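1. With the input below, show me the fold.
(2 chains)
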Amino acid sequence: MRLILPLSITFVTGMIMVLHFFVPHQPIKFLGDNLQEWYMIVASAAIFLGALNLMHVHFRKIKLKLKNWKYSPVTIIGFMLMFVTGLIYGVTAARPFDFMFMNMVAPMGATMFSLLAFFVASAAFRAFRASNWRATLLLTSAFIVMLGQVPIGAMIWDKIPLAKVWLMSIPNTAGQRAVMIGAAMGVVSTSLRMIFGIERSYLGGTD
Amino acid sequence: MNWEILGIWLGAMLTLCLYSFLYRDNPFYKFAEHLFVGMSAGYWVIYTIENVLKPNWWQQMFPEDGGFNWVWIIPGIFALFMLARIIPKIAGLSRMALGMIIGAGAGVNMVGFFQTNAMAQVKGTIISISSGGAWDIFSSIVLVVGVVSGLVYFFFSKAHTGIVGRTANVGITILMISFGASFGYTIMARISLLIGRCQFLMFDWIPTIPRLLGIGG
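-> Next up is the predicted model:
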């Protein structure tokens, strides 16, 4: 029962969604339409699970005085601030939740991602340092795209922005398409394995 | 209190705290990092309530014209099953919720991915080379050869020797150019964020300092 019931649910819901695409008539249409919304609702519970887990981890850190526990109250207070103000005042513009999002969460998000510019660039240049001709090709391609994106590229040579456009629209599209088609095949085969109960690792088993 | 200036100062202080990591790991960075994690989690919880649960569940279960739609209890029960994972005694119930998510997700994605990521991409690759100049024809050939050789590189059911190996080598080359272009593009997107933050500090935050100190306008 521990396995059969979840596997049966997976099979039934999976088949309904596949049939929903090929048979857009009642009762499959009704089941498929509802299941799509149910899927969103149940999946959203994972967000709550994640938040509860985050709180659990930080309360545990404080309780056991683990490494960097002094910062855990900051995480807990930050979470509670957003959660409580969102629940009490709502999320409309010019309310406390919106104020904190616009002036704290959004700037911190942008800063965090901009920090990656330094670290991704330095790490990648160290990792891909022209060790062979293909790595050199990668670096050259990246360099042309970066130069083509800024005015100095056109000042050096007016063909650099054109080269950037060509690189992005032809070889980059070709590479991305190969990856996308390959990934789509992988998704189809993995989905079939999951629907038919061959792939069960998501249930915590070993196979 | 001037809320606009308070907002600018909060944003500027947190930005500077996070950039202090460029020097080295320090308590200011750790403070901002932990605050960001907590506030982001709180934001996503509220976002989910407001944009998913209220319109797609609560308002369906209790429609505006009154009444009670009992069918919508079922996803609510499955959602509770998902949360059961935090109580070890009934953690097994979360498998039902996982089963449903995985099943529905697999069903939707199987067809969706095949349509958008496989069929549409193949269709986009089959293009006429009879129109356009020599450069367009060359570009079209590079596109088709790049896609096919890239796919051959990902095909591991046959050993990469002989003609397959040579085609796969062309595929790796195209993929390296593609990854380089994507890498450069990502770096530039991050740089534009960096410029945005610097502009915020220079043009929004710094002008508030004299105002706060009562110097000038």
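
2. pretty sure B:T186 is touching A:V120, no?
-> Yes - using CB atoms under 8 Å, B:T186 and A:V120 qualify as a contacting pair, with a distance of 7.0 Å. Yep, even glycine has a C-beta here, placed from its N, CA and C like the rest.

3. what's next to the one helix or strand A:F99 maps to, contact-wise?
-> Secondary structure assigned from DSSP states H and E places A:F99 in helix A:96-100. In this structure, residues lying in contact with helix A:96-100 by CB atoms under 8 Å, 6 or more residues apart in numbering or on different chains are A:81-82, A:85-86, A:89-92, B:3, B:7, B:39, B:46.

4. so, if you compare those residues, which one comes nearest to A:L138?
-> Distance ranking of the contacts of helix A:96-100 against A:L138, using CB to CB, places B:M39 first at 36.9 Å.

5. Now the residue most central in space within chain A: closest residue in space that isn't a chain neighbour?
-> What sits nearest the mean C-alpha location of chain A, by CA atoms, centre = their mean, is A:I47, with 13.3 Å. Computed as CB to CB, 6 or more residues apart in numbering or on different chains, the closest residue to A:I47 that is not its neighbour in sequence is B:T48, at 4.7 Å.

6. In contact with the one you found: list those residues for me.
-> Contact analysis of B:T48 by CB under 8 Å, 6+ apart lists A:44, A:47-48.

7. what does A:N68 give?
-> With contact taken as CB under 8 Å, 6+ apart, A:N68 is in contact with A:61, B:30.

8. B:V145 too?
-> Neighbours of B:V145 in contact, by CB under 8 Å, 6+ apart: A:174, B:170, B:174.

9. now swap in B:F21 and tell me
-> With CB under 8 Å, 6+ apart as the criterion, the residues that contact B:F21 are A:115, B:29.

10. helices or strands up against the worst-scoring helix or strand of chain B on mean pLDDT?
-> Least confident helix or strand, chain B: helix B:208-213 with a mean of 84, by mean pLDDT, DSSP states H and E. Contacting helix B:208-213 under the criterion 3 or more CB pairs under 8 Å, 6 or more residues apart in numbering or on different chains; DSSP states H and E are the following elements: helix B:3-19.

11. and the helix it packs on, which residues are buried?
-> Within helix B:3-19, the residues that qualify as buried are B:7-12, B:14-19, counting by 16 or more other CB atoms under 10 Å in any protein chain shown.

12. could you give the mean pLDDT of the helix or strand just after that helix?
-> Taking DSSP H and E as the definition, the helix or strand that follows helix B:3-19 towards the C-terminus is helix B:27-48. Rounded to a whole number, the mean pLDDT of helix B:27-48 is 96.

13. SS state for residue 67?
-> Let's take chain A. With DSSP: H, G, I helix; E, B strand; the rest coil as the basis, the three-state label of A:K67 is coil.

14. ah, no, chain B please
-> Using three-state DSSP, the three-state assignment for B:G67 comes out as coil.

15. Skipping adjacent residues, who's closest to B:W3 in space?
-> The shortest distance from B:W3 to any residue other than its chain neighbours is 6.9 Å, reached at A:F99 (CB to CB, 6+ apart).

16. what number of residues lie near the one you found?
-> The tally of other residues near A:F99 (other CB atoms under 10 Å in any protein chain shown) stands at 17.

17. Same check on A:V57?
-> Neighbour number of A:V57 under other CB under 10 Å is 12.
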